[in-house]
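K.L.:
Using only what follows, build the 3D model:
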Amino acid sequence: MHFKSGTLFKVFPSAILPFFWYHCRMKNKLSTESYKGVRDFYPREQFIHTYMLNTLSGVCESFGYEQYNASILEPSELYKSKTSDEIVNDQTYTFTDRGNREVTLRPEMTPTVARMVAKKSRELSFPLRWYSTPNCFRYERTQRGRLREFWQLNADIFGVATIDADAEIIALAHALFLAFGANESDFEIRVNDRRVFETIFDELSFGDEERKKIMHLMDRKAKIDNFEQELSKIAGDKTEKLSSLLASAASNPMLENLVEKLGAQGVKNVIIDTSITRGFDYYTGMVFEIFDTAEENNRSLAGGGRYDSLMELFGTDTIPTVGFALGDVTMENFLETHNLLPEYSSSTDLMLCVLDESLSAYATKIAQSLRIEDVNVAVNYSYKKPGDQIKSADKKNIPFTICIGEKEKETGVLTIKNLKTGEESSMPANEIADFIFAQTE
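P.N.:
Next comes the predicted model:
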């Protein structure tokens, strides 16, 4: 739309003109939407996220695991040798930096921790029990349980080659679900061993490329309608024999021993499932996945296994390793499905509702004295009506309020209100902290 000079006010009356300017300005506004596949954590969402990470950390540390971390940026070559081709080629966020180096936002943590251990392998005291809760990035189609940015618990044992480490890592994963309030009937642990596949492949004289294709196909078995047809494209006339050997692999003594060991530790919801392969190329032995048993969320929640050869890529001696990962997105879906999400509670214990600007210094002094006693205090300096300030505290899930007026300043006696029960109690300021702690025990 074009106007000659001086005609704008004739076309748009003064009452309409502000709307015209608003429309023009809003055409260039920035979107409030986040990047696709990532999340904004508002306080309530952050509360859930923090609860999950703290619970995961607490259980890991109860098993003697130490926390580590690393940068989200890694040289791209780290993922090109042992991570699956699908992730490297299609799902990584990779770019060339200003120094002409190819860099990737980590899609997983295992190559990073392997690099870290290999770097200081001569200084570290094995066995190591390490865990981390990093955020990772994968460029993939977003759907329930899968986002492009996610946080993931990684727990690993370095330096133990025996089945005892395999059993411990699965027992740790089992304990994590129980710590969130789940019952064994809510989830199922499915175990397999890649060495069983290698024995079968040796018997059928499959080459490296055929083995790799079969393993990747089996990893996607649940998502493929014509699995047998796809398998025959790789195995050819050996398909029938291969299927027969795979079916008989469930009676493997090595896996039965693992299930028995776990049962002795109280882990009863374990089954042998020869369709479990895991998608990463670095697994060398036992592999497992944990599945939600709820029909509406019947999917894999966590998984891992043994990867004894990964350190060799860094020129170090073989360090036997077993570990697993559990993502925050699938874990939250699981907790929601089984009604295990905690009710939101504010980290603020008390809001001081200041009734007049002249009382702000007194209210601040009260707040400071309470904070010294470990009470988390928010001071409302809006000076709105008492009812409005109390409603604000209630909306934020702050459990207690105190209104600060002239009377409170003169007498030093404060009336604290429990917003959950509606009860009010009056007392000197120096008794407020003990009162709150007694109420919240």
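
K.L.:
Which parts of the stretch 301-441 of the chain are strands?
P.N.:
321-327, 350-354, 377-380, 400-404, 413-418, 424-428 (DSSP state E, counting those that start in this stretch).

K.L.:
Check these for me and report the most buried one.
P.N.:
Mean neighbours per residue, mean count of other C-beta atoms under 10 Å, is largest over the strands of the stretch 301-441 of the chain for strand 350-354, with a mean of 26. From N, CA and C alone the C-beta is placed, and that goes for glycine too.

K.L.:
before we move on, back to that, if we compare the strands of the stretch 301-441 of the chain, which one ends up closest to residue 98?
P.N.:
strand 321-327 (31.9 Å; C-beta to C-beta).

K.L.:
State the number of residues packed around residue 241.
P.N.:
A count of neighbours around residue 241, defined by other C-beta atoms under 10 Å, yields 13.

K.L.:
name the helices or strands packed onto the helix or strand harbouring it?
P.N.:
Assessed by DSSP states H and E, residue 241 sits inside helix 239-248. Helix 239-248 sits against helix 194-203, helix 227-235, with contacts defined as 3 or more C-beta pairs under 8 Å, 6 or more residues apart in numbering; DSSP states H and E.

K.L.:
spatially speaking, which residue is in the middle of this protein?
P.N.:
residue 328 (2.3 Å; C-alpha atoms, centre = their mean).

K.L.:
Check whether that one really touches residue 152, as I assumed.
P.N.:
Yes. Counting by C-beta atoms under 8 Å, residue 152 is a contact partner of residue 328 at 6.8 Å.

K.L.:
Report the buried residues of stretch 338-357.
P.N.:
Within stretch 338-357, the residues that count as buried by 16 or more other C-beta atoms under 10 Å are 338, 341, 346, 348, 349, 350, 351, 352, 353, 354, 355.

K.L.:
One more: stretch 72-80?
P.N.:
Buried residues in stretch 72-80 (16+ other C-beta under 10 Å): 72, 74, 78, 79.

K.L.:
quick one: contacts of stretch 60-67?
P.N.:
The contact list for stretch 60-67, computed with C-beta atoms under 8 Å, 6 or more residues apart in numbering, reads 57, 128-133, 153, 155, 168, 172, 175-176.

K.L.:
switch the cut-off to 7 Å
P.N.:
Residues from elsewhere that reach stretch 60-67 (C-beta atoms under 7 Å, 6 or more residues apart in numbering): 57, 129, 130, 131, 132, 155, 172.

K.L.:
neighbour-wise, which of those leads?
P.N.:
Ranking those using other C-beta under 10 Å puts residue 155 first, with 25 neighbours.

K.L.:
excluding its backbone neighbours, what's nearest it?
P.N.:
residue 131 (4.3 Å; C-beta to C-beta, 6 or more residues apart in numbering).

K.L.:
Am I right that the one you found sits in a helix?
P.N.:
No. Counting by DSSP: H, G, I helix; E, B strand; the rest coil, residue 131 is not part of a helix but strand.

K.L.:
quick one, what contacts it?
P.N.:
By C-beta under 7 Å, 6+ apart, the neighbours of residue 131 are 60, 65, 67, 153, 154, 155.

K.L.:
Distance-wise, check the fifth one relative to residue 399.
P.N.:
So that's residue 154. As for residue 154, its distance to residue 399 is 36 Å (criterion: C-beta to C-beta, to the nearest Å).

K.L.:
Next up, the contacts around the nearest residue to residue 396 once chain neighbours are set aside.
P.N.:
Spatial nearest neighbour of residue 396, excluding adjacent residues (C-beta to C-beta, 6+ apart): residue 346 at 5.6 Å. Contact analysis of residue 346 by C-beta under 7 Å, 6+ apart lists 396, 397, 398.

K.L.:
mind putting these in TSV, neighbour count, distance to residue 96 and pLDDT included?
P.N.:
Formatted as TSV, the contacts of residue 346 follow (neighbours: other C-beta atoms under 10 Å; distance: C-beta to C-beta, whole Å; pLDDT from 0 to 100):
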residue	neighbour count	distance to residue 96	pLDDT
396	13	46	96
397	17	47	96
398	22	49	97
